[in-house]
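> have a look at this prediction, sequence included:
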Amino acid sequence: MPPERKSVTKRFSIGNLKGYLTVGLYDDGTPGEVFLTLRKPGSLERGLAHSLAIMISMLLQNGIPLSKIISKLKGLQYDPAGMTGDPKIPLARSLADYLGRWLELRFLDPKAKTRA
């Protein structure tokens, strides 16, 4: 990833879990890294979210197609799960499920609005 790059940041909530999802973009607008920041300092969820983001970033930077990553994330079921307040993804089965579905809508959906 270049030292300076554009990114997209999305505020999210899944049940009582709240946080921010930031995707760093290559010059062509494709994702190259993911950051997950949760509002639970020092929590297990925060550590696991950070680990998940690192792994996704490494996969993207090593040429694994985003569609393959998304297919592994979508449908994963674990706590916290619940309502999101996002009209396009009203219910998430887990943080990974929400992340996969949001990435798909934002970066793979041909009807998606212009990329950042």
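Looks like it came in fine. Numbering: from 1, shown residues only.

> for the rest of this, base every contact and every neighbour count on C-alpha atoms.
Fine.

> tell me, what residue is most central in this protein?
residue 99 (3.6 Å; C-alpha atoms, centre = their mean).

> so that one touches residue 73, yeah?
Yes - between residue 99 and residue 73 a contact is recorded at 7.3 Å, counting by C-alpha atoms under 8 Å.

> list the buried ones in the longest helix along the chain?
Secondary structure of the chain per DSSP state H: the longest helix is helix 44-61. Of all the residues in helix 44-61, those buried under the rule 16 or more other C-alpha atoms under 10 Å are 45-47, 49-50, 52-54, 56-57, 59-60.

> where is pLDDT lowest across these?
Lowest model confidence among those falls on residue 45, which carries 86.

> could you find the closest non-adjacent residue to that residue?
Spatial nearest neighbour of residue 45, excluding adjacent residues (C-alpha to C-alpha, 6 or more residues apart in numbering): residue 38 at 7.8 Å.

> pLDDT below threshold where in this structure?
Within the chain, the stretches with pLDDT under 70 are 41-42, 111-116.

> what are the boundaries of the strands in it?
Ranges of strands in the chain, per DSSP state E, are 7-14, 17-25, 31-38, 82-86, 89-92.
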